[in-house]
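Novice: I would like the atomic coordinates for the input below:
(3 chains)
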Amino acid sequence: MLSLRDVHASYGPVLALRGVSIEVPTKGIVAVLGANGAGKTSTLRAVSGIVHPAHAGHPGCCIVELDGRRIDRMAPEKIVQLGVSQVPEGRQTFSEMTVLENLQLGAYTRRDGNGVRSDIDRVFGYFPVLGERRRQQAGLLSGGEQQMLSIGRALMARPHLLLLDEPSLGLAPLLVREIFQIVKAINEAEGLTILLVEQDAKAALAIAQRGYVLETGRVVLEDSAERLRENEAVRRSYLGY
Amino acid sequence: MTSLRLPGIRIFWLALLGVVLVLFPFFHSWPVFDQFISEFRTFNATMFSVWLLVVLSMNLLTGYSGQISLGHAAVVLIGAFTTAILSDRANIPMPLAIALAGLFTGLVGGVVIGIPAVRLSGPYLAIATFALVLSLPQILKLEGLNNWTNGALGIRIRDLQPPGFVDGYLDKGEWLYYVTMATAVFMTIVFWNLTHSRIGRAFVALRDSEIGAEQMGVNVPLYKALAFGLSSFYAGIAGGLFFMVQAFVGPESLGFFESILFLVAIVIGGLGSVLGSIFGALFLTFQTEAIDRLGDVVAEARNLRGVIYGAALVTTMLLFPRGFAGAVQALQSAGPAGLWRGIRDRVQSLAELAGRLGERQAEQPAPPRRPGPPDGGQDGS
Amino acid sequence: MQEFAQQTLSGIASGSLFAILALAIVLIYRSTSVLNFAQGEMAMFTTFIAWSFMTRMDFWLAFALAILVSAAIGAALERLVLRPVEHAPALNSVIVTLGLFTIFNGLALWIWGAQPKGFGPFSVFKGDPICTADVCIGRLNVGILVVSFIVMALLYVLFQRTRLGLAMRATAENRLASQLVGIPVGNMLTLGWALSAGVGAVAGVLVAQSVSLTTSSLFAILLYAFAAAVLGGLNSPPGAIAGGLIIGVSKNWAATYVPSEVGNVDLTLAFAMIVTVLMIRPTGLFGRPPARRV
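Specialist: Next comes the predicted model:
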C-alpha cells in the first residue's frame, strides 16, 4: 500500500533521511525502529506531507507512493483526504478542547454526519475511558488517555493507513501493552494498514509482521518481525534488549 | 576584557580612515575637495556621529540581544532631556552633564525597563515599549514636571562655547564635530569589544533562544537587564550629544515616528553588526536629503516618504534580512553572481510559500517532545 | 451621580470600539503569534476607501463593500508578506507589520491628503439622544454599542458553533495536529487575516463617525486597542472585550475627574495601566502563558 523509495529529507542544513526505502503491505503492520535521531519521525513526516522529500539528484529517488500514486509533493490536507492519518509524537491533542471536539476534528475531512457519530461510538468502544471523559478538556487527561485520544482522533478520518509515532513515549509498560493490543485488534478487525515508529522495539515487534531498523537516516536492517525477535545478536546491538 | 582590541581590518585602512576623520572639517576649503564637499557636510558628519551612537544602542538591544523595543526614541529623548535639565537648570558643565545623562538613562533603561522586561515575552514587551514612546511626550508635558521640563516649550541650550584653547583654531561647528566624532569612535571601539566578549556571546545566545541560553548557563534575567541598561546608556549619551548639537530639545523632538525611522535604519543597515550600524547611521544622516533629491526626479517622492520607508522595511525583511551589511558580506564571499543567485532563490521560495504552507515546515526542526502528564513512565528523549 | 452614569455609559461605548479593534489584534495573534501593528492604519485606510464609496452610494452598501475590500487586503497581506515571517522570530514580524503601518499611513496621506473628511454621523445616527431615567446616551453611541455587539455575537457564533470556526481555533491552538487531521492550515491563516481586517474596517468606520476622518484617527485609538488586548491577554477574545470596556470607562473617568491643570493624561493612563497589569500578570488578566518552544 505504501512505498517509500530512496527518500531523502532535511531540516535546514541537517540531513535527516539519507535514502530510506520502506514497503508497507496492505493490511499489514510494519515497525520502524531505531534510536533517537535515527530519522523515524522524519519518515512519518515525509509520508504525511509535513516535510517534503528533498531531491537527491538521481532519478528514481525520493518517491513516496500510496497505492501506486505519488504523494511526495502533496499538501498535507490532501494526503489526509487520501486516507492517511498520523498519530503524532507526543500526542499533540488539542488540549484546550474537549475529548469530543478532538474526535470531531479528527473527522474534519468527512461529510457524513451519521458516519461520524457512529465512528465516535466505535472509538469509545475501543477506549471506554474516553467515553467516560467525553466532555473533559483534553489537556486534563493523563498521558495514556491522551494517547488513546490521539489514536481515536486519527481513526475518525476512517483512514486506510495509520501512522503511529512513538505511542509508547512516557507511558508505563502495562499501558503500552494495552494500547498496542488495541492497535493490533483494530488492524485485525478493520484491515487497517499500520506503520508504527517506535523506540520500544520489543513492544513494536510483538504486533508487527515486518521491521526496519534506522540509523542516522538510513535503513540498516530489514527483516520479518519474527526473525528480528529471535536473532539475539540483532536484538542486542540494534534493538537494545 | 583585558585590553582594547581594534577590529581586525588592516591597519593601513584604519589609519587612512583616521586621517580622513581628523581632517574632514577642513576638506571644504581645499581646492579639489570643495567641488563636492560643502561646509554643511561638517554638520552632517557631526549628526552622523550622534546617529551612529543611536544605531549602535539599538543594535545592541535588538540586533545582538533580540529584544524588541519600539520605544527607543523615548530613551534617547530621556537622555537629551536629562542633559538639558542638568546643564541648563543645574548648571552642570556640558561634558559632565552628558556623561551623567548617559549613566542615568542607562540606569533607567536597565532597572526601570530592563527588569520588568525580564518577565515579559516578546509581543508584550513590544506593546509596553510602544506605550512608552507614545506617552512620554504627554508625561513630559504634565504640569507637575513643568519646572524641570518647561512643558511643551522644551529647553533651549544656553550659549555653548568651545573651551578657550581652541580659539582661533576651530569654530564652534568644527569643535562640535571633533567632540562628537571622538565620542562616537571611542564608543564604537568599546562596542566592538563588548560584542566580541563573553557578554556579547551571552547576548547572542539570548537572542537565538532564551530557553537555550538558560540551559547553557546564561543568567537570563541579568543579561536581559544588562542589554537594556547598556543600550540605554549608549542611547542616553546619544541623546545628550543630540541636545548639544541641535541646541534644543522638546517633548516632540523624538517620538514614535523616529522610533520607526531608527528601525528602518538598523534593518536596512544590517542587524547585529558594526558595519550595519554604520550603514544605518548613514541612512539616518542623509535620508531627508536623499528623498529631497529623489523628489527632483520622481515628482511625488517627498509625499511618499512613508511609503518608501515602509516598503524598504518590508522588502529588506523578506529579501535581504541581513540588510546592506549582509549584502556586502555576501558580495565578499560569493561575488555578484552569488548575491544575485541568493536573491533569486529567496524570491522563488517566497512565491512557493504564498502557494502553500507545507514546504516551510521542512526548514523547522522537529517540535520538542512535550513531557506528558506523569503516567508511570519516563520521558525518553 | 447622573454625570457618573453618563460618563460610564459613553465610556462603555468608546470602550467597545477599542474592544473591536483589540479583537482583531487578538484574532491574528492567536493563530499566528504575529502582533499586527498595522491594524489601525489598515482600518483607517479601508475607512477612507469606504468614504470614497460613500460619495456615490448608500451608507450601508459602502460599509459592506469596505468590509469586503478590507478582508481582501488582509488575505493578500497574509499570503504575500506575512507568511514568510510567521515562522521567523517575533522580531521579524514586528518589523514587517511596522513597515506595513508606515506604508498604509503614507499611502493614505498621499491619496487623500491631510484634510479631515466629513464622514457623518450618518442619518441613522443623527437625532436626539435616547434618554431614560435622567441618563442620556447619544444615538451615535447607541449605534456603536449595537454594531459592536453584533460583531462580537457573529464572531462568537463563527468560532464556537461552526465547523470552520472549530478548524480556525484548532489551527490557532496546534498547527501540526491541525495539518494531520486534514485542516488546510494555510487557508485558515489567510482567513484569519481576512476576518481580522474586516473587523478592523468596522471599527474604522465607527470611529470615523465619532470624530472626523483623518489619517491619524485610528492611530490615536491604536494604543488603547493594544492596551485592551494586553489587559485581557493576547490570547483571549473575551479578555480583549473586557479590556476594551475597562479602558474606555477609565479613560472617560480620567477625562472627567482629573483636574485640567494636570494636563492631558489619557495616553499616560493607558501606559500606566499596561505596565501595572503586566507587572502583576505578565500575560494579561485572562491570558495564558505561551507554550515555551525551544
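Novice: wait, what's in contact with the residue nearest the centre of chain C?
Specialist: Nearest to the mean C-alpha position of chain C, counting by C-alpha atoms, centre = their mean, stands residue C:21 at 0.7 Å. The contact partners of residue C:21, taken as C-beta atoms under 8 Å, 6 or more residues apart in numbering or on different chains, are C:39, C:40, C:43, C:199, C:200, C:203, C:218, C:221, C:222, C:225, C:228, C:244. Heads up, the C-betas are built off the backbone N, CA and C, glycines and all.
Novice: distance between the helix or strand where it lies and the chain's centre?
Specialist: Assigned by DSSP states H and E, residue C:21 falls within helix C:2-32. Using C-alpha atoms, centre = their mean, to the nearest Å, the distance from the centre of helix C:2-32 to the centre of the chain it belongs to is 8 Å.
Novice: so which bits of that helix are buried?
Specialist: Neighbour-count burial for helix C:2-32 flags C:6-32 (criterion: 16 or more other C-beta atoms under 10 Å in any protein chain shown).
Novice: and residue C:26, what's its pLDDT?
Specialist: Listed pLDDT for residue C:26 reads 91.
Novice: for the closest residue to it other than its chain neighbours, helix, strand, or coil?
Specialist: Once flanking residues are discounted, residue C:26 sits nearest to residue C:240: 4.6 Å by C-beta to C-beta, 6 or more residues apart in numbering or on different chains. Recorded secondary structure, residue C:240: helix (DSSP: H, G, I helix; E, B strand; the rest coil).
Novice: cool, residue A:27 as well?
Specialist: When the rule is three-state DSSP, residue A:27 gets the label coil.
Novice: that one contacts residue A:186, doesn't it?
Specialist: No - applying C-beta atoms under 8 Å as the test, residue A:27 and residue A:186 come out as separate, 11.4 Å apart.
Novice: helices or strands next to the helix ranked longest in chain B in the packing?
Specialist: Assignment by DSSP state H gives helix B:323-355 as the longest helix of chain B. When contacts are defined as 3 or more C-beta pairs under 8 Å, 6 or more residues apart in numbering or on different chains; DSSP states H and E, helix B:323-355 sits against helix B:256-269, helix B:274-297, helix B:305-319, helix B:358-361, helix C:83-86.
Novice: pLDDT wise, what is the closest residue in space to residue B:248 that isn't next to it in sequence at?
Specialist: Leaving aside its sequence neighbours, residue B:248 sits nearest to residue B:156 (C-beta to C-beta, 6+ apart; 5.2 Å). Per-residue pLDDT puts residue B:156 at 78.
Novice: burial count for residue B:156?
Specialist: If you count neighbours by other C-beta atoms under 10 Å in any protein chain shown, residue B:156 ends up with 15.
Novice: quick one: contacts for it?
Specialist: B:88, B:247, B:248.
Novice: what residues sit buried inside the strand or helix carrying residue C:142?
Specialist: Taking DSSP H and E as the criterion, residue C:142 maps to helix C:139-161. Across helix C:139-161, burial judged by 16+ other C-beta under 10 Å covers C:140, C:141, C:142, C:143, C:144, C:145, C:147, C:148, C:151, C:152, C:155, C:159.
Novice: next SSE after that helix?
Specialist: helix C:163-173.
Novice: now do the buried residues in that following helix.
Specialist: Burial within helix C:163-173, assessed by neighbour count using 16+ other C-beta under 10 Å, is assigned to C:166, C:167, C:168, C:169, C:170, C:171, C:172, C:173.
Novice: chain A next: which of those residues are close?
Specialist: Of the residues in these, proximity to chain A by C-beta under 8 Å from any C-beta of the partner chain holds for C:166, C:167, C:169, C:170, C:173.
Novice: tally of neighbours for the residue in the stretch 101-250 of chain C that chain B sits nearest to?
Specialist: Residue nearest to chain B within the stretch 101-250 of chain C (C-beta to the nearest C-beta): residue C:106, separated by 2.5 Å. Residue C:106 has 21 neighbours, counted by other C-beta under 10 Å.
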